[in-house]
Every structure is written in structure tokens, then in C-alpha cells.
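1. What follows is a protein structure lacking sequence information:
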């Protein structure tokens, strides 16, 4: 069963551009991982520097492998922390099967 991560990053306003670039780099690298199914980064229209990351991995082992990569350590644990980014990260598991794409609400 896949594992979903929803993370909210809040960057100081003066550092929003740097964090946006860092997240682009993180997304590009993460999407090359065999166990990564999705890595989307969204930014709030009304609050520059507030980012929502939506990640999906094949399973818990794939998520843990992501956390062990050199680029995760560099971009997240070293650089993002150095830019004083506040991070709220939550791991989620699906409660019920997803609807078929043609039946999703719009």
C-alpha cells in the first residue's frame, strides 16, 4: 500500500525565493527515485513562502529510502533548516480505496 506525505513548509518572507528553488531541486531529485510515485509542490497565492508538498511512495521502505538520500540531507536537513524554514510533516495512509478517476468529484 502506498504511503502519502503531506508537508507544510513556511519560509521567512525574505527567503521565499531561495526555498522555492530548493523545493524545485528536491522535487526533481525525488522524482528520479524508483519508489516515488508523486512529488508535488504548491505555494499559497495569498501567502508567498507557504508551500504544501504532496508526496506518494510505493511503501514505507521507499519513504525511508528517500529520507536517507544525500540530497534530502543536504536540501532539507542542512539548507532548509539553515533558511529557518518551519516544517510540519505528516505521514498518511489511505482509509478507503480511491474512486476511479472518472468518478472523482469536481
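-> All right, it came through fine. From a predicted model like this one, the values you see are computed outputs, not experimental measurements.

2. Residues contacting the lowest-mean-pLDDT helix or strand in the chain, please?
-> When the helices and strands of the chain are compared on mean pLDDT, DSSP states H and E, helix 81-82 comes out lowest with a mean of 87. The list of residues contacting helix 81-82 from outside it, by CB atoms under 8 Å, 6 or more residues apart in numbering, is empty. Using the backbone N, CA and C atoms, a C-beta is placed for each residue, glycine as well.

3. That helix: what's the following helix or strand?
-> Tracing the chain past helix 81-82, the next element assigned as helix or strand by DSSP states H and E is strand 86-92.

4. That following strand: partners in the sheet, and parallel or antiparallel?
-> strand 3-10 (antiparallel) (DSSP bridges).

5. What residues of the partner strand count as buried?
-> Neighbour counts using 16 or more other CB atoms under 10 Å place 3, 4, 5, 7, 9, 10 of strand 3-10 among the buried residues.
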